[in-house]
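J.: mind looking at a prediction? Sequence and model below.
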Amino acid sequence: MARLPYITRRDDLPPENRDAWDRIQAGRGQVYRNFQLMLNSPELAARVCAVGDVLLHSPTLDKPLRELIMLAVARELNSQYEWSVHEAPALASGVRDHVIQGIKHRAYKGFLPKEKVFVDLAREVLGSRLSDGTWLAVEHLLGRQGAVDAVLFIGQVALISRFHDAVQLDPDPGMQPLLPIP
């Protein structure tokens, strides 16, 4: 059970904070459950969403790459919700099932170098240190802006994932846990 109340309607917010609901809805088309919890701090919720919207529309990060990165972050942080929400969209966007299963089970044999480098990027950014080799490989593949966008995207996904875990975001109705967590 979530540690915070869900703000499920715009009118649940005080009038001076309803623009936060509007900004989130405008960027995403709806106010998803995680943002319904985040709206307990309306201005911050709107700003976190705005950063995410910029990264989701970055010309340097296509949808399959974003989905691969989201899965790599979810696996690294053992974020059940994030993984369960993004496994199917990753496959639908073109991420190979072998890669999805490899990330899930931390078995990277058979990955293309351009797939593995982004798993390494997420692991290293969330771990103790980003190696020069991984940075240079990402910068080679995406350019300087793309490398920066990828690192910031990892941070954004980690922020959202940690928020889910901290406030105990409830699974979506009918959601099956898909990530094996020890």
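T.: Structure received. Residues are numbered from 1 along each chain as shown.

J.: could you pull out the helices in the chain for me?
T.: For the chain, applying DSSP state H gives helices covering 18-28, 33-38, 42-56, 63-77, 80-93, 97-105, 113-126, 132-167.

J.: between those helices, which one is closest to G174.
T.: helix 80-93 (10.7 Å; C-beta to C-beta). All C-beta spots, glycine's among them, are computed from the backbone N, C-alpha and C.

J.: now do the residue lying closest to A122 once chain neighbours are set aside against R3, distance only.
T.: Leaving out its chain neighbours, the residue that sits closest to A122 by C-beta to C-beta, 6 or more residues apart in numbering is A72, at 3.7 Å. Applying C-beta to C-beta, to the nearest Å, the value for A72 to R3 is 27 Å.

J.: the two: which has the busier surroundings?
T.: A72 (24 against 10; other C-beta atoms under 10 Å).

J.: tell me, how many residues neighbour P182?
T.: So P182, with other C-beta under 10 Å, has 3 neighbours.

J.: let me know whether E76 touches D120 as I believe.
T.: No - E76 lies out of contact with D120 (C-beta atoms under 8 Å); the separation is 10.7 Å.

J.: do you know how far H164 is from N78?
T.: For H164, the distance to N78 - C-beta to C-beta - is 11 Å.

J.: which one of those two has more residues nearby?
T.: H164 (23 against 14).

J.: which residues touch the closest residue to the more buried one other than its chain neighbours?
T.: Spatial nearest neighbour of H164, chain neighbours left out: Y81 (4.8 Å); criterion: C-beta to C-beta, 6+ apart. Contacts for Y81 (C-beta atoms under 8 Å, 6 or more residues apart in numbering) come out as N34, S161, H164, D165, L169, P171, M175.

J.: redo that, cut-off 7 Å
T.: H164, L169, P171 (C-beta atoms under 7 Å, 6 or more residues apart in numbering).

J.: break the chain down into its domains, please.
T.: For the chain, automatic domain parsing gives the domain ranges 10-56, 63-163.

J.: just send these back as TSV, with mean pLDDT and distance to L179 too.
T.: Output for the domains of the chain, formatted as TSV (pLDDT from 0 to 100; distance: least, C-beta to C-beta, whole Å):
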stretch	mean pLDDT	distance to L179
domain 10-56	96	17
domain 63-163	97	4
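
J.: mind putting the ones you listed in JSON lines, distance to I181 included?
T.: As requested, the domains of the chain are exported to JSON lines (distance: least, C-beta to C-beta, whole Å):
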{"stretch": "domain 10-56", "distance to I181": "19"}
{"stretch": "domain 63-163", "distance to I181": "5"}
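
J.: who wins for proximity to P182 among the ones you listed?
T.: Closest among those, once you apply C-beta to C-beta, is domain 63-163, at 7.8 Å.

J.: so what's the residue most central in space within the chain closest to, chain neighbours aside?
T.: Centroid-nearest residue in the chain, with C-alpha atoms, centre = their mean: V157, separated by 3.2 Å. Nearest residue to V157, sequence neighbours excluded (C-beta to C-beta, 6+ apart): V73, at 4.3 Å.
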